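Q: show me how the following folds:
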Amino acid sequence: MTASQYDFVIDLKKIDVLGTLHPDSIEAQEAYHQHGLSSEERLYYQLIQDLALDTAAYKPGTVLFEMGQAVTQGYIIRQGDIELRTDGRIYRVGPGAVLGLASGLANLPHNMSAKALTVVTANLIPQKVFNTLNTCHIGLRGINRSTIMRTLNLSSVPESLK
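A: Below you'll find the predicted structure:
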């Protein structure tokens with residue numbers, strides 16, 4: 001499958017050339033520039049280097065979550081293909097996609113359903129992360145609020161983000 005058939009995917013070949021550099025090191029910063037990594041690819045590399053996140057694997061056909069369910073964790077897709085369904089639309093995403101984070105931070109249910117199309121591996125974002133938004137710096141909270149509202153296409157601020 002070519003990347004053009006995806007609604008979102010990053011170039012894993014670019015990530016692989018970095019090896020195991022510390023994501024914040026000068027060497028990593030130089031490699032990001034040398035290999036032309038996009039901001040999404042840099043973020044993905046930083047996230048997969050975080051050994052604090054658990055990893056899970058899913059068989060094809062596994063439903064990760066259903067639209068309307070409470071968010072219990074977020075997912076950073078490392079490998080494989082995911083089908084997302086929302087409001088009559090179907091999307092296909094792959095490595096680099098982050099699922100459930102915005103809804104979890106906003107304390108809203110999933111706004112889509114997700115199903116593994118192939119074998120999928122993902123880093124799991126624990127639910128406790130969702131509770132940290134209201135305790136962070138007020139400026140960062142505002143940036144997060146704006147980002148979450150844009151990501152979820154919200155027209156009014158949910159109570160949990162006020």
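
Q: so where is this protein shaky, pLDDT-wise?
A: Counting by pLDDT under 70, the chain shows low-confidence ranges at 1-4.

Q: and the closest residue to Gln79 other than its chain neighbours, how many neighbours?
A: Leaving out its chain neighbours, the residue that sits closest to Gln79 by CB to CB, 6 or more residues apart in numbering is Thr121, at 4.7 Å. Every residue, glycine included, has its C-beta placed from N, CA and C. Other residues within reach of Thr121, judged by other CB atoms under 10 Å, total 15.

Q: who does the particular helix or strand that has Thr121 in it pair up with?
A: In the assignment (DSSP states H and E), Thr121 maps to strand 120-126. With DSSP bridges as the test, strand 120-126 is paired with strand 54-58 (antiparallel), strand 73-79 (antiparallel).

Q: centre of the chain to it, how far?
A: Distance, stretch centre to chain centre, for strand 120-126: 9 Å (CA atoms, centre = their mean, to the nearest Å).

Q: who's in contact with the helix or strand that that strand is followed by?
A: Next helix or strand after strand 120-126 toward the C-terminus (DSSP H and E): helix 138-152. Helix 138-152 has contacts (CB atoms under 8 Å, 6 or more residues apart in numbering) with 102-103, 105-106, 108, 111, 133-134, 136, 154, 157, 161.
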